[in-house]
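Chemist: Curious how this folds, go ahead:
(one chain, ligands or ions: 1)
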Amino acid sequence: MKWSELSIHTTHEAEEAVSNILHEAGASGVVIEDSKEFGRERQDMFGEIYALDPNDFPLEGVILKAYLPTTSFLGETVEEVKLAINNLINYDIKLGKNELTISEVNEEDWATAWKKYYHPVKISERFTIVPTWETYEPVSTDELIIELDPGMAFGTGTHPTTVMCLQALEKTVKPGDYVTDIGTGSGVLAIGAALLGAKHVHAIDLDEVAVRSAEVNVKLNKVEQTTDVVHGNLVDTVKEPSDVVVANILAEIIMSFTSDAFNVVKEGGMYITSGIIGSKKEIVKNSLEIAGFIIVEVMMMEDWVTIISTKPLKE
Ligand SMILES: C[S@@+](CC[C@H](N)C(=O)[O-])C[C@H]1O[C@@H](n2cnc3c(N)ncnc32)[C@H](O)[C@@H]1O
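Modeler: Numbering: from 1, shown residues only. Predicted structure coming up:
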(Lines give C-alpha, C1' and ligand atoms only; values in the text may rest on other atoms or scores of the structure.)
Protein backbone atom coordinates (compact mmCIF):
# COMPACT_ATOMS: atom_id res chain seq x y z
CA MET A 1 0.00 0.00 0.00
CA LYS A 2 1.13 3.56 -0.67
CA TRP A 3 1.36 5.85 2.33
CA SER A 4 1.47 9.62 2.61
CA GLU A 5 3.51 11.41 5.22
CA LEU A 6 1.88 14.47 6.74
CA SER A 7 4.50 16.64 8.41
CA ILE A 8 3.40 19.39 10.79
CA HIS A 9 5.78 21.88 12.39
CA THR A 10 4.18 23.15 15.59
CA THR A 11 4.97 24.08 19.23
CA HIS A 12 5.63 21.85 22.27
CA GLU A 13 2.40 23.22 23.72
CA ALA A 14 0.35 22.00 20.75
CA GLU A 15 2.17 18.66 20.40
CA GLU A 16 -0.32 16.47 22.23
CA ALA A 17 -3.43 18.11 20.79
CA VAL A 18 -2.06 17.90 17.21
CA SER A 19 -1.04 14.30 17.82
CA ASN A 20 -4.61 13.51 18.94
CA ILE A 21 -6.02 15.25 15.84
CA LEU A 22 -3.76 13.13 13.64
CA HIS A 23 -4.84 9.92 15.36
CA GLU A 24 -8.47 10.95 15.01
CA ALA A 25 -7.83 11.51 11.29
CA GLY A 26 -6.81 7.84 11.09
CA ALA A 27 -3.02 8.15 11.24
CA SER A 28 -1.40 4.76 11.72
CA GLY A 29 1.41 6.24 13.75
CA VAL A 30 2.77 9.63 14.71
CA VAL A 31 6.52 10.21 14.93
CA ILE A 32 7.65 13.23 16.94
CA GLU A 33 10.88 15.03 16.06
CA ASP A 34 11.56 17.28 19.03
CA SER A 35 14.03 20.19 18.99
CA LYS A 36 14.70 19.45 22.70
CA GLU A 37 15.73 15.88 21.95
CA PHE A 38 18.67 16.92 19.86
CA GLY A 39 21.55 17.79 22.16
CA ARG A 40 20.16 15.67 25.00
CA GLU A 41 22.59 12.91 25.95
CA ARG A 42 21.15 9.47 25.27
CA GLN A 43 22.16 6.02 26.41
CA ASP A 44 21.12 2.78 24.86
CA MET A 45 20.31 -0.27 26.98
CA PHE A 46 24.02 -1.09 27.33
CA GLY A 47 24.83 2.38 28.66
CA GLU A 48 26.46 3.47 25.43
CA ILE A 49 25.83 7.08 24.37
CA TYR A 50 24.50 7.28 20.86
CA ALA A 51 24.32 10.27 18.59
CA LEU A 52 21.24 11.63 16.87
CA ASP A 53 21.33 13.01 13.38
CA PRO A 54 20.86 16.83 13.50
CA ASN A 55 19.07 16.67 10.14
CA ASP A 56 16.26 14.74 11.85
CA PHE A 57 15.37 17.54 14.26
CA PRO A 58 13.73 20.98 13.96
CA LEU A 59 15.50 24.07 15.38
CA GLU A 60 12.46 24.94 17.47
CA GLY A 61 9.21 23.28 18.54
CA VAL A 62 8.33 19.85 17.22
CA ILE A 63 7.66 18.25 13.87
CA LEU A 64 4.92 15.63 13.97
CA LYS A 65 4.94 13.10 11.16
CA ALA A 66 1.80 11.11 10.60
CA TYR A 67 1.28 8.32 8.12
CA LEU A 68 -2.00 7.95 6.26
CA PRO A 69 -2.88 5.55 3.45
CA THR A 70 -2.96 7.33 0.08
CA THR A 71 -6.64 7.10 -0.89
CA SER A 72 -9.06 9.39 -2.67
CA PHE A 73 -10.15 10.70 0.76
CA LEU A 74 -6.70 12.01 1.56
CA GLY A 75 -7.30 15.58 0.36
CA GLU A 76 -10.42 15.85 2.49
CA THR A 77 -8.66 14.39 5.54
CA VAL A 78 -5.80 16.88 5.19
CA GLU A 79 -8.29 19.76 5.06
CA GLU A 80 -10.01 18.43 8.23
CA VAL A 81 -6.67 18.15 10.00
CA LYS A 82 -5.78 21.75 9.03
CA LEU A 83 -9.13 23.02 10.32
CA ALA A 84 -8.89 21.11 13.61
CA ILE A 85 -5.34 22.39 14.21
CA ASN A 86 -6.31 26.01 13.47
CA ASN A 87 -9.22 25.58 15.87
CA LEU A 88 -6.74 25.02 18.74
CA ILE A 89 -6.14 28.79 18.76
CA ASN A 90 -9.61 29.07 20.35
CA TYR A 91 -8.23 27.12 23.33
CA ASP A 92 -5.28 29.56 23.65
CA ILE A 93 -2.87 26.94 22.30
CA LYS A 94 -0.02 28.56 20.35
CA LEU A 95 0.77 26.90 17.02
CA GLY A 96 4.18 28.42 16.15
CA LYS A 97 5.11 27.91 12.48
CA ASN A 98 2.06 25.72 11.88
CA GLU A 99 3.50 24.43 8.59
CA LEU A 100 1.93 21.37 6.99
CA THR A 101 3.61 19.47 4.17
CA ILE A 102 2.65 16.21 2.51
CA SER A 103 4.78 13.65 0.69
CA GLU A 104 4.47 10.04 -0.40
CA VAL A 105 6.34 7.23 1.41
CA ASN A 106 6.20 3.45 1.23
CA GLU A 107 5.14 1.14 4.05
CA GLU A 108 8.69 0.06 4.87
CA ASP A 109 9.80 3.64 5.53
CA TRP A 110 6.83 4.13 7.80
CA ALA A 111 7.63 1.01 9.83
CA THR A 112 11.29 1.91 10.24
CA ALA A 113 10.51 5.52 11.15
CA TRP A 114 9.25 4.33 14.53
CA LYS A 115 12.19 2.09 15.16
CA LYS A 116 14.67 4.88 14.60
CA TYR A 117 13.48 6.90 17.60
CA TYR A 118 12.17 4.34 20.02
CA HIS A 119 14.47 2.36 22.34
CA PRO A 120 14.13 0.77 25.82
CA VAL A 121 13.83 3.57 28.33
CA LYS A 122 13.77 3.53 32.14
CA ILE A 123 11.14 6.04 33.07
CA SER A 124 10.64 5.68 36.80
CA GLU A 125 11.96 3.88 39.87
CA ARG A 126 10.46 0.58 38.70
CA PHE A 127 9.17 0.94 35.12
CA THR A 128 11.15 0.38 31.93
CA ILE A 129 9.36 0.59 28.60
CA VAL A 130 10.64 -1.74 25.92
CA PRO A 131 9.52 -1.61 22.28
CA THR A 132 8.46 -5.04 21.05
CA TRP A 133 11.24 -5.28 18.47
CA GLU A 134 14.07 -4.86 21.06
CA THR A 135 15.38 -7.41 23.56
CA TYR A 136 16.00 -6.26 27.11
CA GLU A 137 17.18 -7.98 30.30
CA PRO A 138 15.87 -6.48 33.59
CA VAL A 139 18.70 -5.06 35.69
CA SER A 140 16.98 -5.51 39.07
CA THR A 141 14.44 -7.96 40.44
CA ASP A 142 11.73 -5.40 41.20
CA GLU A 143 11.99 -3.74 37.77
CA LEU A 144 8.67 -3.79 35.87
CA ILE A 145 8.90 -4.11 32.09
CA ILE A 146 6.13 -2.74 29.89
CA GLU A 147 6.41 -4.07 26.35
CA LEU A 148 4.78 -1.79 23.80
CA ASP A 149 4.10 -1.56 20.13
CA PRO A 150 2.96 2.05 19.98
CA GLY A 151 2.47 1.98 16.22
CA MET A 152 -1.21 2.76 16.25
CA ALA A 153 -2.18 4.78 19.31
CA PHE A 154 -0.89 7.59 21.51
CA GLY A 155 1.29 6.30 24.30
CA THR A 156 4.86 5.31 23.49
CA GLY A 157 5.28 5.79 27.22
CA THR A 158 7.95 8.41 26.82
CA HIS A 159 5.77 11.53 26.63
CA PRO A 160 6.17 13.62 29.84
CA THR A 161 2.44 13.28 30.60
CA THR A 162 2.67 9.47 30.44
CA VAL A 163 5.95 9.32 32.38
CA MET A 164 4.45 11.35 35.24
CA CYS A 165 1.31 9.17 35.24
CA LEU A 166 3.40 6.01 35.56
CA GLN A 167 5.36 7.62 38.40
CA ALA A 168 2.07 8.65 40.06
CA LEU A 169 0.66 5.10 39.65
CA GLU A 170 3.84 3.75 41.24
CA LYS A 171 3.16 5.99 44.28
CA THR A 172 -0.56 5.24 44.59
CA VAL A 173 -1.49 1.74 43.33
CA LYS A 174 -1.41 -0.98 45.99
CA PRO A 175 -1.71 -4.72 45.30
CA GLY A 176 -5.38 -5.68 45.16
CA ASP A 177 -6.58 -2.22 44.06
CA TYR A 178 -9.25 -1.49 41.48
CA VAL A 179 -7.96 0.96 38.85
CA THR A 180 -9.69 2.87 36.02
CA ASP A 181 -7.67 4.30 33.10
CA ILE A 182 -9.63 6.93 31.15
CA GLY A 183 -8.16 7.54 27.66
CA THR A 184 -5.94 4.46 27.67
CA GLY A 185 -4.34 5.01 24.20
CA SER A 186 -1.78 2.23 23.76
CA GLY A 187 -2.82 0.85 27.17
CA VAL A 188 0.50 1.80 28.75
CA LEU A 189 -0.97 3.08 32.06
CA ALA A 190 -3.44 0.21 32.41
CA ILE A 191 -0.60 -2.27 31.91
CA GLY A 192 1.52 -0.35 34.43
CA ALA A 193 -1.28 -0.52 37.03
CA ALA A 194 -1.75 -4.27 36.42
CA LEU A 195 1.99 -4.91 36.81
CA LEU A 196 1.89 -3.02 40.12
CA GLY A 197 -0.54 -5.66 41.37
CA ALA A 198 -3.97 -4.13 40.73
CA LYS A 199 -6.70 -6.74 41.10
CA HIS A 200 -8.70 -5.28 38.25
CA VAL A 201 -8.02 -2.54 35.67
CA HIS A 202 -10.77 -1.01 33.52
CA ALA A 203 -9.21 0.75 30.50
CA ILE A 204 -11.38 3.01 28.34
CA ASP A 205 -10.87 4.86 25.07
CA LEU A 206 -13.18 6.70 22.71
CA ASP A 207 -10.99 5.83 19.74
CA GLU A 208 -11.49 2.31 18.36
CA VAL A 209 -7.94 2.23 17.00
CA ALA A 210 -6.64 2.90 20.52
CA VAL A 211 -8.90 0.16 21.94
CA ARG A 212 -7.46 -2.38 19.47
CA SER A 213 -3.91 -1.25 20.16
CA ALA A 214 -4.45 -1.44 23.96
CA GLU A 215 -5.92 -4.94 23.61
CA VAL A 216 -2.83 -6.09 21.70
CA ASN A 217 -0.48 -4.54 24.26
CA VAL A 218 -2.45 -5.92 27.23
CA LYS A 219 -2.07 -9.46 25.81
CA LEU A 220 1.59 -8.84 24.97
CA ASN A 221 2.21 -8.01 28.64
CA LYS A 222 0.10 -10.99 29.81
CA VAL A 223 -2.20 -8.88 31.98
CA GLU A 224 -5.45 -9.75 30.16
CA GLN A 225 -6.72 -11.71 33.21
CA THR A 226 -6.88 -8.49 35.26
CA THR A 227 -7.32 -5.83 32.58
CA ASP A 228 -10.35 -5.20 30.40
CA VAL A 229 -10.21 -2.70 27.55
CA VAL A 230 -13.47 -1.09 26.43
CA HIS A 231 -14.63 1.38 23.86
CA GLY A 232 -16.39 4.18 25.73
CA ASN A 233 -16.69 7.86 26.53
CA LEU A 234 -15.01 9.05 29.77
CA VAL A 235 -16.65 7.26 32.76
CA ASP A 236 -19.80 6.01 30.97
CA THR A 237 -18.77 2.34 31.21
CA VAL A 238 -17.61 2.49 34.84
CA LYS A 239 -19.85 0.44 37.16
CA GLU A 240 -17.90 0.44 40.45
CA PRO A 241 -15.78 3.16 42.10
CA SER A 242 -12.01 2.53 41.92
CA ASP A 243 -9.16 2.95 44.41
CA VAL A 244 -7.19 4.79 41.71
CA VAL A 245 -8.49 6.57 38.60
CA VAL A 246 -6.04 7.96 36.05
CA ALA A 247 -6.92 10.29 33.15
CA ASN A 248 -4.20 11.51 30.81
CA ILE A 249 -6.33 13.68 28.53
CA LEU A 250 -6.28 17.39 27.72
CA ALA A 251 -7.05 19.94 30.47
CA GLU A 252 -10.29 21.00 28.76
CA ILE A 253 -11.60 17.43 28.78
CA ILE A 254 -10.51 16.81 32.39
CA MET A 255 -12.38 19.93 33.53
CA SER A 256 -15.50 18.82 31.68
CA PHE A 257 -16.09 15.78 33.93
CA THR A 258 -14.56 16.39 37.39
CA SER A 259 -17.89 15.69 39.16
CA ASP A 260 -18.38 12.42 37.25
CA ALA A 261 -14.78 11.50 38.07
CA PHE A 262 -15.47 12.21 41.77
CA ASN A 263 -18.30 9.66 41.68
CA VAL A 264 -16.06 6.89 40.32
CA VAL A 265 -13.26 7.30 42.91
CA LYS A 266 -13.67 5.43 46.22
CA GLU A 267 -13.57 7.45 49.41
CA GLY A 268 -9.90 7.74 50.36
CA GLY A 269 -9.02 6.83 46.75
CA MET A 270 -6.75 8.73 44.35
CA TYR A 271 -7.42 10.61 41.11
CA ILE A 272 -4.44 11.22 38.82
CA THR A 273 -5.01 13.83 36.09
CA SER A 274 -2.45 14.59 33.38
CA GLY A 275 -2.13 16.08 29.92
CA ILE A 276 -2.33 19.54 31.51
CA ILE A 277 -0.21 22.28 29.99
CA GLY A 278 1.50 24.52 32.61
CA SER A 279 -0.71 27.56 31.97
CA LYS A 280 -3.85 25.52 32.80
CA LYS A 281 -2.55 24.20 36.16
CA GLU A 282 -4.53 26.56 38.41
CA ILE A 283 -7.88 26.23 36.61
CA VAL A 284 -7.65 22.44 36.61
CA LYS A 285 -6.71 22.45 40.33
CA ASN A 286 -9.71 24.70 41.04
CA SER A 287 -12.11 22.49 39.11
CA LEU A 288 -10.86 19.41 41.01
CA GLU A 289 -11.34 21.20 44.35
CA ILE A 290 -14.82 22.41 43.38
CA ALA A 291 -15.76 18.77 42.63
CA GLY A 292 -14.63 17.82 46.17
CA PHE A 293 -11.08 16.48 45.63
CA ILE A 294 -8.15 17.46 47.86
CA ILE A 295 -4.90 18.12 45.99
CA VAL A 296 -2.13 15.82 47.25
CA GLU A 297 0.73 16.54 44.83
CA VAL A 298 1.42 18.57 41.71
CA MET A 299 4.14 17.09 39.48
CA MET A 300 5.82 18.98 36.62
CA MET A 301 7.92 17.84 33.68
CA GLU A 302 8.95 20.22 30.91
CA ASP A 303 5.78 22.34 30.53
CA TRP A 304 3.39 19.56 31.54
CA VAL A 305 1.56 19.13 34.84
CA THR A 306 0.17 16.03 36.55
CA ILE A 307 -2.05 16.43 39.60
CA ILE A 308 -2.61 13.72 42.22
CA SER A 309 -5.73 14.38 44.26
CA THR A 310 -7.76 12.37 46.74
CA LYS A 311 -11.45 11.96 47.53
CA PRO A 312 -11.72 12.57 51.29
CA LEU A 313 -13.26 10.02 53.64
CA LYS A 314 -16.69 11.01 54.98
CA GLU A 315 -16.50 12.11 58.65
C1 LIG B 1 -2.95 11.70 25.59
S2 LIG B 1 -3.62 10.16 25.16
C3 LIG B 1 -3.12 9.19 26.57
C4 LIG B 1 -2.72 7.79 26.25
C5 LIG B 1 -2.13 6.98 27.40
N6 LIG B 1 -3.10 6.87 28.49
C7 LIG B 1 -0.87 7.62 27.92
O8 LIG B 1 -0.86 8.08 29.07
O9 LIG B 1 0.14 7.64 27.20
C10 LIG B 1 -5.32 10.49 25.42
C11 LIG B 1 -6.25 9.38 24.99
O12 LIG B 1 -7.56 9.74 25.41
C13 LIG B 1 -8.48 9.31 24.45
N14 LIG B 1 -9.71 10.11 24.61
C15 LIG B 1 -9.95 11.39 24.21
N16 LIG B 1 -11.21 11.76 24.56
C17 LIG B 1 -11.77 10.70 25.21
C18 LIG B 1 -13.04 10.47 25.80
N19 LIG B 1 -13.99 11.41 25.79
N20 LIG B 1 -13.30 9.27 26.38
C21 LIG B 1 -12.34 8.30 26.38
N22 LIG B 1 -11.11 8.46 25.82
C23 LIG B 1 -10.82 9.64 25.25
C24 LIG B 1 -7.76 9.52 23.12
O25 LIG B 1 -8.32 8.71 22.12
C26 LIG B 1 -6.33 9.13 23.50
O27 LIG B 1 -6.09 7.76 23.23
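Chemist: For residue 260, grab the count of nearby residues.
Modeler: By other C-beta atoms under 10 Å, the residues close to residue 260 number 14. (Each C-beta comes from the backbone N, C-alpha and C, glycine too.)
Chemist: Is it correct that residue 63 is in contact with residue 7?
Modeler: Yes: using C-beta atoms under 8 Å, residue 63 is in contact with residue 7, at 5.9 Å.
Chemist: The two: which is more packed in?
Modeler: A side-by-side neighbour count of residue 63 and residue 7, using other C-beta under 10 Å, places residue 63 first with 20 against 15.
Chemist: Now do the strands in the protein.
Modeler: For the chain, applying DSSP state E gives strands covering 2-10, 30-34, 62-69, 99-106, 121-122, 127-131, 144-148, 178-182, 200-205, 227-231, 242-248, 265-277, 294-301, 304-310.
Chemist: Which residues of the stretch 1-150 of the chain lie near the ligand?
Modeler: Counting by C-beta under 6 Å from any ligand atom, the stretch 1-150 of the chain comes close to the ligand at residue 16.
Chemist: again, only this time at 8 Å
Modeler: 16, 19-20, 23-24 (C-beta under 8 Å from any ligand atom).
Chemist: Buried only: go through these for me.
Modeler: Buried subset of those (neighbour count, 16 or more other C-beta atoms under 10 Å): 16, 19-20, 23.
Chemist: Identify the bridge partners of residue 304.
Modeler: Here residue 304 sits in beta bridges with residue 277, residue 301, as judged by DSSP bridges.
Chemist: could the residues of the stretch 1-150 of the chain next to the ligand go into a markdown table alongside distance to residue 269 and pLDDT?
Modeler: Listed next are those as a markdown table, based on distance: C-beta to C-beta, whole Å; pLDDT from 0 to 100:
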| residue | distance to residue 269 | pLDDT |
| --- | --- | --- |
| 16 | 26 | 89 |
| 19 | 30 | 90 |
| 20 | 27 | 87 |
| 23 | 30 | 79 |
| 24 | 31 | 79 |
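Chemist: Just the ones of these in helices?
Modeler: Mapping those onto helices (DSSP state H) picks out 16, 19-20, 23-24.
Chemist: Residue 5 is in contact with residue 100, isn't it?
Modeler: No: here residue 5 does not reach residue 100: they are 11.1 Å apart, not a contact under C-beta under 8 Å.
Chemist: Okay, residue 142 and the ligand: tell me how far apart.
Modeler: Noted for residue 142: a distance of 22 Å to the ligand, by C-beta to the nearest ligand atom, to the nearest Å.
Chemist: Please list all residues in contact with that residue.
Modeler: By C-beta atoms under 8 Å, 6 or more residues apart in numbering, the contact list for residue 142 reads residue 126.
Chemist: Against residue 281, how distant is residue 287?
Modeler: For residue 287, the distance to residue 281 equals 11 Å [C-beta to C-beta, to the nearest Å].
Chemist: same check, this time on residue 6
Modeler: For residue 6, the distance to residue 281 equals 31 Å [C-beta to C-beta].
Chemist: and if you look at residue 31?
Modeler: Separation of residue 31 from residue 281 (C-beta to C-beta) stands at 29 Å.
Chemist: quick one: which of these two has more around it?
Modeler: Taking neighbours as other C-beta under 10 Å, residue 31 and residue 281 compare with residue 31 leading, 20 against 17.
Chemist: so what's the more buried one closest to, chain neighbours aside?
Modeler: Spatially, and ignoring its direct neighbours in sequence, residue 31 is nearest to residue 65 (4.4 Å; C-beta to C-beta, 6 or more residues apart in numbering).
Chemist: list the contacts for that neighbour?
Modeler: Counting by C-beta under 8 Å, 6+ apart, residue 65 has contacts 5-8, 30-33, 113.
Chemist: what residues go with each domain of this structure?
Modeler: Split into domains by automatic domain parsing, the chain comes to 2-117, 121-310.
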